[in-house]
Every structure is written in C-alpha cells, then in structure tokens.
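Undergrad: sequence first, predicted coordinates after that:
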2 protein chains.
Amino acid sequence: MRGIFEAELRQIGDDLTAMARLVESAIKDAGTALLEADLELAQSVVEKDGEIDALERDLDERCVLLLAQQAPVATDLRVVVSALRISSALERMGDLARHIAQVARGRYPRPAVAGDVAATFAQMNAAAVHVAERVTQLLETRDLTLAHKIERDDDQLDTLHQDTFAALLGGGWEGTPQETVDVTLLGRYYERFGDHGEAIARRMLFLVTGVFETES
Amino acid sequence: MRGIFEAELRQIGDDLTAMARLVESAIKDAGTALLEADLELAQSVVEKDGEIDALERDLDERCVLLLAQQAPVATDLRVVVSALRISSALERMGDLARHIAQVARGRYPRPAVAGDVAATFAQMNAAAVHVAERVTQLLETRDLTLAHKIERDDDQLDTLHQDTFAALLGGGWEGTPQETVDVTLLGRYYERFGDHGEAIARRMLFLVTGVFETES
C-alpha cells in the first residue's frame, strides 16, 4: 500500500509542477503580449488557460481519490490537502494571466499601456515571472529560501502596484477613461497574481516546517 | 464512531452557515457605507473581517482533523472537501466586502460613487446581498432552487458590471481619475463577490446531485 501511496503522491507533485510551468509560460507570454501589443501571443494565452483548468480538475479528483482510498494521516494528509489549495491558487494565477492577455487583445493594435506606466508594468511583469519561476522551483525542490524570495517578489509587486496608483492620481495623468480602467485592472491582476504566489509560498513553508505564517 | 462523525459534520455545516451570515452582514454594511458615505460602518466592516478569517482557519483545521481521524469515504468525503472549498470562497467574499468598505472609508466624507453610477452600484449591492442571503439559506437547507437563483444573481452582477464600463467608456464620463479608479475597482469587487457565490452554488449542486457543472 505504501508504495502505491508514494507513487500517487509523486504524481500529484508532478502535476502541480506541470501546472506551475504552464502558469510560468502564461504570465511570460501575457506580459510580452501586453508590452509589445502581440495579438497572436495574447490569443494563445487565452486559449491555453483551459489546459491549466483541466489539470486542476484532474489533480483535484486524484487528491479526493487518494483521500478515499488511502486515508492518509499526519504529514501525508497535510500534503494532499495542501495540494488541493496550491492547485486552486495556480488555477487563479492562470486566470489572471489570461485576464492580462485579454486586455492586450482588446486594445490591439494599440498597446494597452504606454509611456511611464508601461515601464512600471514591465517591472511588474518581471516580478510576476519571478514569482511563477520560483513557485515552480519551490514545488520541485522544497527549498524554502525560494519561499522567502517569493515573499519579497510579492512585496515588490505591491510597491509597483502603488506606483501605478501614484501615476494615475498624481495630477499629471492625461490618459483616457479606457486607459485609466486598463491600468487599474492590470495593476490589480498583477497584484493578485503575486498574492497567490505568496499563498503558495506560505503553504509550502507550513508543509515543510509545520508552522503556518498567517497573512501579515 | 458514526455518531461522533455526524456530530462533527453538523458542526462543520454550522460553521459554514456562521461564516455565510457574517459575509451577509459584511456586504450589507459595506454597501450602506459605500452608498451613504458612512465612515463608522465602513470601519466596522474592516474590523470584523478578522472574525471571518478566524472562522475559516478553525473550520479548515476541523476538516483536516476529521479527515485524519475518521477517514471518510464517498459522500462524507465529498462533504468535507467541499467544506474546505466553500470556506475558502466565503473568506474571499469577506475580503471583497472589506475592500468595498475600504474604498468608502478612503473617500469619506465624499461619497466614493455619485450620480448615475451610484444607482448602478445600489443595484449591484442589492444583487450581492441577495447572493449572500441565498448562500446562507442554501447551506442551511440544501434547497437547490436557491443555487439556480444565485446563478441568476451572478448573471445580473455581470450585466451591471458591464453597465459600469459603459458609463465610464461611453463618452459622457467626466469623473476624475480617482473616481474612474474607484468605479473600476468597486465593479470588479462586486463581480468577484458574485463569482464566489456562484462557485459555492455549483459546489452545492455537485454535492447534492453528484454532477459538477463546470464554469461556462
């Protein structure tokens, strides 16, 4: 029984990593689509989000089956319940990358963000890509220094999010209402992307150390 | 063992209902705070969100303990896993009510929304309150006609959300960037509030009928 259980658990881990890799591609491509007004890339992010959703459903079913058939306890149980949480966070990260791509697609051939604010979004996207890359590595290696790096990436995203508000509300903003709406929503999407990454980081810290750090 | 299990399951159900009631109050009060620029009420929504978060943590621990000690299968297992999902959705609904209250608080003594768009937000809040009330009743009674009503409330929220964009982008909008940002974010918060309510409705449909309707 133990052998089967461990194989199943490994499979769940592999699926989470596969989801994280898809999220990584999605946010990279969504950022390029946004910053370079690349319609084809935007479209492909939107289309591929279904793969992430399908992986989440499979993974959930597998977790529930594992709970039913193996009735894990202690750490094993914690791993399975955490997998349910992490897959749900990854699924949302995929949705947020899709939302970013949809904004890029909606404004094509015009870029959705321009001028100073485009530079801020370039930084936000770099930070979000870092989050996604580190989430993948964290799931693969359980190296907790990565969890702390993700927390710092998330802090950086929060600061950049504040910068977008400063740009909009500082008095020098001359964008159209559409541009104001886009900057507001895109900022929110990136900020939430970071939050979900951070939630995964905290859950992995909990899994490995047994201590759950609540949101500050 | 079965007696203990059923008592625990009842307790989990009671906790979910308690969370849903708190979410109901939070969204009602957040809406009043927003539409009537009521600072005290806004502040109380922000403060009380911690209660919802605490209930979620308790409920999660209780679910994991139940999985470990009772190793439920079939429907019982589905109920416990669904409770984990539903508590997480309710927690987010509480956060969103808090975000709405925070916007109201940030603009005080000015109302955050004014004119025609205030009427749209009054309708959005009424629909969101319906969602919350029906979620509470659905959790209490498992009456699936409520689940279908929640889906319609959510559709209404989506339509009203589009109305806010139409107001912002229709050409007649003369709001400041701050007002544009507020309408954009508030619209998003209400829309997400509805989405989470709908996710709970779909999960309850699945629990009771065994058929999971994927998001359309």
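TA: Arrived safely, thanks for sending.
Undergrad: enumerate every residue touching A:Trp173.
TA: A:167, A:180, B:177 (CB atoms under 8 Å, 6 or more residues apart in numbering or on different chains). The C-beta positions use only the backbone N, C-alpha and C, and glycine is treated the same way.
Undergrad: tell me the SS of it?
TA: coil (DSSP: H, G, I helix; E, B strand; the rest coil).
Undergrad: re earlier: pull out the buried residues from the contacts of A:Trp173.
TA: The neighbour-count test (16 or more other CB atoms under 10 Å in any protein chain shown) marks A:167, A:180, B:177 as buried among those.
Undergrad: so the last one touches A:Leu168, yeah?
TA: Spelled out, it's B:Pro177. Yes - between B:Pro177 and A:Leu168 there is a contact under CB atoms under 8 Å: 4.9 Å.
Undergrad: which neighbours do those two share?
TA: A:175, A:180.
Undergrad: how about the residues of chain A near chain B?
TA: A:57, A:64, A:67-68, A:71, A:73-74, A:77-78, A:81, A:84-85, A:88, A:165, A:168-169, A:173, A:175, A:177-178, A:180-181, A:184-185, A:188, A:214 (CB under 8 Å from any CB of the partner chain).
Undergrad: spatially central residue in chain A, please.
TA: When CA atoms, centre = their mean is applied to chain A, the residue found nearest the centroid is A:Met93 (3.3 Å).
Undergrad: what's the residue in chain A positioned nearest to chain B sitting at in phi/psi?
TA: Nearest to chain B in chain A, going by CB to the nearest CB, is A:Ala71, at a distance of 3.4 Å. Main-chain dihedrals, A:Ala71, degrees, to the nearest 10: phi 40, psi 60.
Undergrad: quick one: the closest residue in space to it that isn't next to it in sequence from B:Glu61, how far?
TA: Spatial nearest neighbour of A:Ala71, chain neighbours left out: B:Ala71 (3.4 Å); criterion: CB to CB, 6 or more residues apart in numbering or on different chains. Using CB to CB, to the nearest Å, one gets 17 Å for the distance from B:Ala71 to B:Glu61.
Undergrad: neighbour count winner among these two?
TA: B:Ala71 (17 against 11; other CB atoms under 10 Å in any protein chain shown).
Undergrad: tell me the pLDDT of that one.
TA: Per-residue confidence (pLDDT) for B:Ala71: 91.
Undergrad: A:Leu207 too?
TA: 87.
Undergrad: that one touches A:Val79, doesn't it?
TA: Yes - A:Leu207 is within contact range of A:Val79, at 6.5 Å (criterion: CB under 8 Å).
Undergrad: just give the nearest non-adjacent residue to A:Leu90, would you?
TA: A:Met19 (4.5 Å).
Undergrad: show me which residues of the helix or strand encompassing that neighbour are buried.
TA: Here A:Met19 is covered by helix A:2-36, with elements defined by DSSP states H and E. For helix A:2-36, the neighbour count (16+ other CB under 10 Å) marks A:5, A:8-9, A:12, A:15-35 as buried.
Undergrad: so what secondary structure elements neighbour that helix?
TA: helix A:39-70, helix A:74-107, helix A:116-141 (3 or more CB pairs under 8 Å, 6 or more residues apart in numbering or on different chains; DSSP states H and E).
Undergrad: show me how far the last one is from its chain's centre.
TA: Distance of helix A:116-141 from its chain centroid, counting by CA atoms, centre = their mean, to the nearest Å, is 9 Å.
Undergrad: got it, and the second one?
TA: Centroid separation for helix A:74-107 versus its chain: 6 Å, with CA atoms, centre = their mean.
Undergrad: try the first one
TA: A distance of 14 Å separates the C-alpha centroid of helix A:39-70 from that of its chain, computed with CA atoms, centre = their mean.
Undergrad: list the helices and strands it packs on?
TA: Helix A:39-70 packs on helix A:2-36, helix A:74-107, helix B:74-107, going by 3+ CB pairs under 8 Å, 6+ apart.
Undergrad: what's the angle between that helix and helix B:39-70?
TA: Angle between the axes of helix A:39-70 and helix B:39-70 is 50 degrees (criterion: axes from the mean of the first three to the mean of the last three CA atoms, to 10 degrees).
Undergrad: now swap in the longest one and tell me
TA: What separates the directions of helix A:74-107 and helix B:39-70 is an angle of 130 degrees, with the same axes, to 10 degrees.
Undergrad: give me the neighbour count for the nearest residue to A:Val45 once chain neighbours are set aside.
TA: Distances taken as CB to CB, 6+ apart place A:Ala101 nearest to A:Val45, at 3.7 Å, with adjacent residues excluded. Using other CB under 10 Å, A:Ala101 is surrounded by 29 other residues.
Undergrad: quick one: contacts for A:Ala101?
TA: Taking CB under 8 Å, 6+ apart as the criterion, A:Ala101 is in contact with A:26, A:29-30, A:33-34, A:41-43, A:45-46.
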